[in-house]
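Trainee: Generate a structure from the sequence data that follows.
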Amino acid sequence: MLDHEGAIGPVRYRAARAETLRIERLDTLTLIYHRASGITHVVDSPVPELIDLLDRPLTLDDTLAALIDAHDLVDPDPCALAARLDELVQAGLVERG
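Mentor: Here you go, the predicted structure:
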């Protein structure tokens, strides 16, 4: 897991710019085409929900709180969320700053 504290404060996450992604929701899956890499990602929950939440920069704690509010999470796991966000950063679907 990457360090989630920056030199100036907590790291913030934001979805990649809308013009760089094409998102098509199917039945239980979502296709996300990342124009910069030319890769189509086939994802399921919670990725589409994370992309939707990250329309503005949020810290890990803010993102977890928003997920809890929106989806009534029973046992939220900040470490699992951090790992998922780091995967999305590496895929280019989320920006970290």
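Trainee: Any idea which helix or strand in the chain has the lowest mean pLDDT?
Mentor: Every helix and strand of the chain was ranked by mean pLDDT, DSSP states H and E. The lowest is helix 60-71, at a mean of 91.
Trainee: And the contacts of that helix?
Mentor: Contacting residues not belonging to helix 60-71 are listed as 4, 10-11, 13, 46, 49-50, 53-54, 58, 73, 76, 78, 81-82, 85 [C-beta atoms under 8 Å, 6 or more residues apart in numbering]. The C-beta positions use only the backbone N, C-alpha and C, and glycine is treated the same way.
Trainee: If we ignore the residues flanking it in sequence, what's nearest Ala91?
Mentor: Nearest residue to Ala91 in three dimensions, chain neighbours excluded: His41, at 6.2 Å (C-beta to C-beta, 6 or more residues apart in numbering).
Trainee: whoops, Leu53 was the one
Mentor: Nearest to Leu53 is Ala66, by C-beta to C-beta, 6+ apart, at 5.1 Å.
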